[in-house]
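Visitor: Attaching a predicted model along with its sequence, questions to come.
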Amino acid sequence: MISIIDYGLGNIQAFVNMFKRVNIPVAVAGNSAELSKASRLILPGVGAFDHAMTLLHMSGMRQDLDEMVLSKKVPVLGICVGMQMLARSSDEGSLPGLGWISGRVRAFKSEPRSANLPLPHMGWNDVKVLGNCGLFKGLEADARFYFLHSYFFECDHQENVSAVADYGINFACAVHAANIHGVQFHPEKSHHYGSQLLSNFAEI
């Protein structure tokens, strides 16, 4: 069962609706008991990094998530701020991230080539898939997704980058490490591209 982690952030219902449209069973997990039933996890997120991390800690599910993802190797997909939370830190705040993928989150305004572009980076953008990532099956040659963000994930190791997009710089818009995946864009707002990606996650 795919479970969407409900810790107080993210458009939970939008994900529920999209999974239902592609006939994939989905549940919402708002506590440890509900979380324990999951065979796959979606970590959504919007807004500020520190606020998201604070709410996740307050939910009482943080320790369970570490055990499920790091020890039991349950597949997880972080989305938007949920992807940024996979890093160890963010320029946007002072709290540590989950640290599940080695890297940090940086501001576009810190890069000279993107500092003068409108922020947030908002709207549709092409995505270039790197390597053979199951999350992008069927999307290798034609992938466009909807973005809304002012910060980007900078991986310590290039092999953790699944896909890139261009906004002044080529930035990692998808990351992975073993059972852990993250996407900066919003699949729930990306029409058939998003449906394909979420369907792929249900199978990997």
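Guide: Structure's in. What do you need?
Visitor: what pLDDT, on average, does the longest helix belonging to the chain get?
Guide: Ordering each helix of the chain by length in residues (DSSP state H) puts helix 191-203 first. The average pLDDT within helix 191-203 is 95.
Visitor: and that helix, which residues are buried?
Guide: Buried positions in helix 191-203, judged by neighbour count with 16 or more other CB atoms under 10 Å: Tyr193, Gly194, Ser195, Gln196, Leu197, Leu198, Ser199, Asn200, Phe201, Ala202. To be clear about C-beta, it is placed using only N, CA and C from the backbone, and glycine gets the same treatment.
Visitor: where's it relative to the chain centroid, distance-wise?
Guide: Counting by CA atoms, centre = their mean, to the nearest Å, helix 191-203 is centred 13 Å from the centre of its parent chain.
Visitor: Which strands and helices lie in contact with it?
Guide: Contacts defined by 3 or more CB pairs under 8 Å, 6 or more residues apart in numbering; DSSP states H and E place helix 191-203 against helix 12-21, strand 40-43, strand 144-149.
Visitor: which ones are touching the closest residue to Pro25 other than its chain neighbours?
Guide: Distances taken as CB to CB, 6 or more residues apart in numbering place Met1 nearest to Pro25, at 5.8 Å, with adjacent residues excluded. Under the criterion of CB atoms under 8 Å, 6 or more residues apart in numbering, the neighbours of Met1 are Pro25, Val26, Ala27, Lys37, Ala38, Ser39, Arg40.
Visitor: if we go to 6 Å?
Guide: Pro25, Ala27, Lys37, Ala38, Ser39 (CB atoms under 6 Å, 6 or more residues apart in numbering).
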